[in-house]
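Visitor: Here is the input, now give the coordinates:
(one chain, ligands or ions: 1)
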Amino acid sequence: MVILVDHRTLKLIHTSDTHLGDDWRSDLAETAFARVIDSVEHLEADALLVVGDVFDHARVPDRVLEFYLDQIARIDRPVVTLPGNHDLYHEDSLYLRRPFNNPPPNFHLLTGQSGQTISLSELGLDVWGRAMTQHTPDFRPLENMPEGGDGNWLVALAHGHFHFPEDTDLRSSPIQPEEVLGASCHYLALGHWERHCEVSQGDTAAFYSGSPLGSSPRSGHIGVNVVELDRIAGVTVNQAIIPLEGPLNPVPPEPAAVAGRED
Ligand SMILES: [Mn+2]
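Guide: Residues are numbered from 1 along each chain as shown. Next comes the predicted model:
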């Protein structure tokens, strides 16, 4: 009798805050996102998570929405998108415009305002998130997270502001440390901050990916979070730094030492 045990590691790429359609440097934002898409296949990831502020504002032209979907159509892995405060999900949302009428089959959008789970059964992965309709202190991105425990991995997506214990002011879409500590997910993929940052609490692995360009310590590079979920090794998160042009091989995160000495 052969006992099959699935020890396969699941690998996810996590990005956010791509701000496509940015009036200031939209070409660069698009180049960076295309590179994120390239990295999904190059790093042999199973899925891509895009955690809000995908688009810079609600008036971006249809061409930008089509660009996003065309990029997603280039890969044959699931792409789960969560709306953020720049691309809210409400009755006038850009996600309800014509280009989204016929998205590629691997495009998944979290639209549930009280929370929604998208089950990627072929991966044994449940992805949960709350679509933001209003960016206010009353919107709690982690509220109603399910318990999980059905044998699937549970990854939660949340777009909001993590409050460090010393923070006294309450910001919009707040995420409190105790909420992260008590979260039932195996990995909490966060968006809203430009920079890469770990905010894990207790056994809950929680990271901001940062925007592709803003999270990279090297100019001319993007940063993405590479999340590995393994039944034995647990959850491992690393940042991959990838050049905007040329070969896709990740480079060390620290910039090379500057030539010359100060002494
Ligand atoms: Mn945001």
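Visitor: would residue 64 count as being in a helix?
Guide: Yes - judged by DSSP: H, G, I helix; E, B strand; the rest coil, residue 64 forms part of a helix.
Visitor: contacting residues around it?
Guide: Residues near residue 64 by C-beta atoms under 8 Å, 6 or more residues apart in numbering: 20-21, 26, 30, 55. C-beta here means a position set from N, CA and C on the backbone, and glycine is covered the same way.
Visitor: Among these, which are located in strands?
Guide: Taking DSSP state E, every one of the contacts of residue 64 sits outside strands.
Visitor: buried stuff in stretch 201-212?
Guide: 201, 204-212 (16 or more other C-beta atoms under 10 Å).
Visitor: Kindly state the pLDDT recorded for residue 254?
Guide: At residue 254, the pLDDT value in this model is 72.
Visitor: okay, now it: neighbour count?
Guide: 9 (other C-beta atoms under 10 Å).
Visitor: So for it, what's the nearest residue that isn't a sequence neighbour?
Guide: Distance criterion C-beta to C-beta, 6 or more residues apart in numbering; nearest residue to residue 254, sequence neighbours excluded, is residue 217 at 6.7 Å.
Visitor: do residue 65 as well
Guide: residue 99 (4.1 Å).
Visitor: count of residues packed around the one you found?
Guide: The burial count for residue 99: 17, using other C-beta under 10 Å.
Visitor: Who are the contact partners of it?
Guide: So residue 99 contacts 62, 65-66, 69 (C-beta under 8 Å, 6+ apart).
Visitor: Now, of these, which are buried?
Guide: Looks like the contacts of residue 99 have residue 65 buried, using 16+ other C-beta under 10 Å.
Visitor: If we check the ion, which of the contacts of residue 99 are in contact?
Guide: When C-beta under 5 Å from the ion is applied, no member of these is adjacent to the ion.
Visitor: Closest one to the ion out of the contacts of residue 99, please.
Guide: residue 65 (18.2 Å; C-beta to the ion).
Visitor: So which bits of the stretch 51-200 of the chain are right by the ion?
Guide: By C-beta under 5 Å from the ion, the part of the stretch 51-200 of the chain that sits against the ion consists of 53, 84-85, 192.
Visitor: Identify the farthest-apart pair in the contacts of residue 99.
Guide: 62 and 69 (10.4 Å; C-beta to C-beta).
Visitor: picking that back up, I'd guess the residue nearest to residue 65 is in a strand, am I close?
Guide: No - looking at residue 99 with three-state DSSP, it is helix, so not inside a strand.
Visitor: Please report how far the residue nearest to residue 254 lies from residue 14.
Guide: Separation of residue 217 from residue 14 (C-beta to C-beta, to the nearest Å) stands at 17 Å.
Visitor: which helices and strands sit right next to the top helix by length along the chain?
Guide: When the chain is parsed with DSSP state H, its longest helix is helix 26-42. Contacts defined by 3 or more C-beta pairs under 8 Å, 6 or more residues apart in numbering; DSSP states H and E place helix 26-42 against strand 10-15, strand 47-51, helix 62-73, strand 221-230, strand 234-243.
Visitor: Next, the angle strand 10-15 makes with the fourth one.
Guide: Regarding strand 221-230 and strand 10-15, their directions subtend 150 degrees when assessed with axes from the mean of the first three to the mean of the last three C-alpha atoms, to 10 degrees.
Visitor: and strand 221-230, which residues are buried?
Guide: Judged by neighbour count (16+ other C-beta under 10 Å), strand 221-230 contains these buried residues: 221-229.
Visitor: Output those residues as TSV; include the columns distance to residue 47.
Guide: Listed next are the buried residues of strand 221-230 as TSV, based on distance: C-beta to C-beta, whole Å:
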residue	distance to residue 47
221	23
222	18
223	18
224	13
225	13
226	12
227	10
228	12
229	11
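Visitor: could you measure residue 122 against the ion, distance?
Guide: 31 Å (C-beta to the ion, to the nearest Å).
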